[in-house]
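**Student:** Pasting the sequence and the predicted coordinates here, then a few questions.
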Amino acid sequence: MNKKRLIIFGIGLAVTFLIVSYLRKDAPRLFHIQGQTMGTIIYNVKYVASEVDGLDAMISQELRDFNQSLSTYISDSEISRLNKTGSLTYESKFIYPVLKASKEVFDQTRGTFDPSLGPLVQAWGFGPDKNVPNPDSAKVDSLKAVIGFGRVSFDENQVSLPTNFQLDFSAIAKGYAVDVVAELLEEKGIENYMVEIGGEVRCRGRNDQDKPWALGIEDPTVQSNEQKLMAIVRLKNLSLATSGNYRNYFEKEGKIYAHIIDPRTGYTAKHNLLSASVFASDCMTADAYATAFMVLGLEYSKEIMNAQNLDAILIYRSENGIESFVSEGIRPFLEMNNAEGELK
């Protein structure tokens, strides 16, 4: 082969390589992006599509902006400045949607989902300052006087708080952040994805095996390091959020203090419900209702589910041991993975 033919052959190989590389990049396949947000919370984004250049950086920036707006752990965030001054004209796109969604769930759950619980959350030792809890009944009563989300005034442009009020959206933040990332993916034309932040998940379309995305429901009776699943659910176009009293708690002087606080009493919720996994089209709604259910308990949660046409898995302790209530709408997509958990 002469020199001219070698050159032509080499050019041909290079062109072929470039074409194959381009087609391979443009072909739909599974991508996995992982990072950290809200301090130490891990997020996972999986999507099946052509590669989107720089998507990981876009997601990271969107979550930084989200935290700068809604994190009470950031002293100059929008929410922190609102809590200090009592009023705010929105600077980001994040404040109004969470206020609107919170008010809707507050109204539908007898006030049990209440983002104005901040002072009580702090008093019980679950706020950013991590105080040791020691509120007596007088302290609880005084704090109840400065909560009640129904008294917060807001519209599409601004929000104002009654005197000494504080807002804390930590009970809905992970679900909302999932939606924010999911909407970014959809803006980029991605139709098949799963977004997970700290256990809250939103799924659309199908995975790389052309099947619905598979999600696990944790067994609330085991330690977190055991990672035992009670159920597996396969979802196509739904979100899932789980709340429970079984991990985020501490013990003081022989008493257990769980992180779910009942705004009606000012004390931690006490009932036999161990966890609530709620399904909804968006994750913010699922997250809010999951929190409310952990305040309401089993029977009232069932009433809300029926009234709002929600699906959920409620895991509770009875005299017979650990049992599960599964709503009809989610049964066809669920596989129980624990012999003690029964479909009811």
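**Tutor:** Arrived safely, thanks for sending. All of these numbers come straight from a predicted model, not from anything done at the bench.

**Student:** which residues of the stretch 51-200 of the chain fall in strands?
**Tutor:** Ranges of strands within the stretch 51-200 of the chain are 87-89, 153-154, 158-160, 192-197, 200-204, based on DSSP state E, counting those that start in this stretch.

**Student:** most tightly surrounded among those?
**Tutor:** strand 200-204 (a mean of 26; mean count of other C-beta atoms under 10 Å). The C-beta positions use only the backbone N, C-alpha and C, and glycine is treated the same way.

**Student:** Averaged pLDDT, that strand. What do you get?
**Tutor:** Averaging pLDDT along strand 200-204 gives 97.

**Student:** Adjacent strands (with direction) for that strand?
**Tutor:** strand 192-197 (antiparallel), strand 239-244 (antiparallel) (DSSP bridges).

**Student:** Now do the first one: everything it contacts.
**Tutor:** Right, strand 192-197. Contact with strand 192-197 is made by 37-38, 41-49, 174, 177-178, 181-182, 185, 201-207, 213, 283, as judged by C-beta atoms under 8 Å, 6 or more residues apart in numbering.

**Student:** Output the strands of the stretch 51-200 of the chain as a markdown table; include the columns distance to Glu319.
**Tutor:** Shown next, in a markdown table, are the strands of the stretch 51-200 of the chain (distance: least, C-beta to C-beta, whole Å):
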| stretch | distance to Glu319 |
| --- | --- |
| strand 87-89 | 49 |
| strand 153-154 | 45 |
| strand 158-160 | 46 |
| strand 192-197 | 35 |
| strand 200-204 | 32 |
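
**Student:** Can you tell me which of the ones you listed is nearest to Pro28?
**Tutor:** With C-beta to C-beta as the measure, strand 192-197 is the member of the strands of the stretch 51-200 of the chain nearest Pro28 (8.1 Å).

**Student:** Just give me the neighbour total for Lys270.
**Tutor:** By other C-beta atoms under 10 Å, 12 other residues sit near Lys270.

**Student:** picking that back up, output the strands paired with strand 200-204 in TSV; the columns should cover mean pLDDT and distance to Ala288.
**Tutor:** Converted to TSV, the strands paired with strand 200-204 look like this (pLDDT from 0 to 100; distance: least, C-beta to C-beta, whole Å):
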stretch	mean pLDDT	distance to Ala288
strand 192-197	97	15
strand 239-244	92	8
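
**Student:** Phe279 is nearest to which of these?
**Tutor:** Closest among the strands paired with strand 200-204, using C-beta to C-beta: strand 239-244, at 5.6 Å.

**Student:** Show me how far that closest one is from its chain's centre.
**Tutor:** Offset of strand 239-244 from its chain centre (C-alpha atoms, centre = their mean, to the nearest Å): 7 Å.

**Student:** could you pull out the helices for the stretch 101-250 of the chain?
**Tutor:** For the stretch 101-250 of the chain, helices defined by DSSP state H, counting those that start in this stretch occupy the ranges 118-123, 137-144, 170-187.

**Student:** Just the pLDDT for Glu191.
**Tutor:** Looking at Glu191, the pLDDT reads 96.

**Student:** make that Phe149, sorry
**Tutor:** 96.

**Student:** Can you report how many residues lie near it?
**Tutor:** Residues near Phe149, counting by other C-beta under 10 Å, number 20.

**Student:** ok, now which ones touch it?
**Tutor:** Neighbour list for Phe149: Ser102, Lys103, Phe106, Gly111, Asp114, Pro115, Ser116 [criterion: C-beta under 8 Å, 6+ apart].
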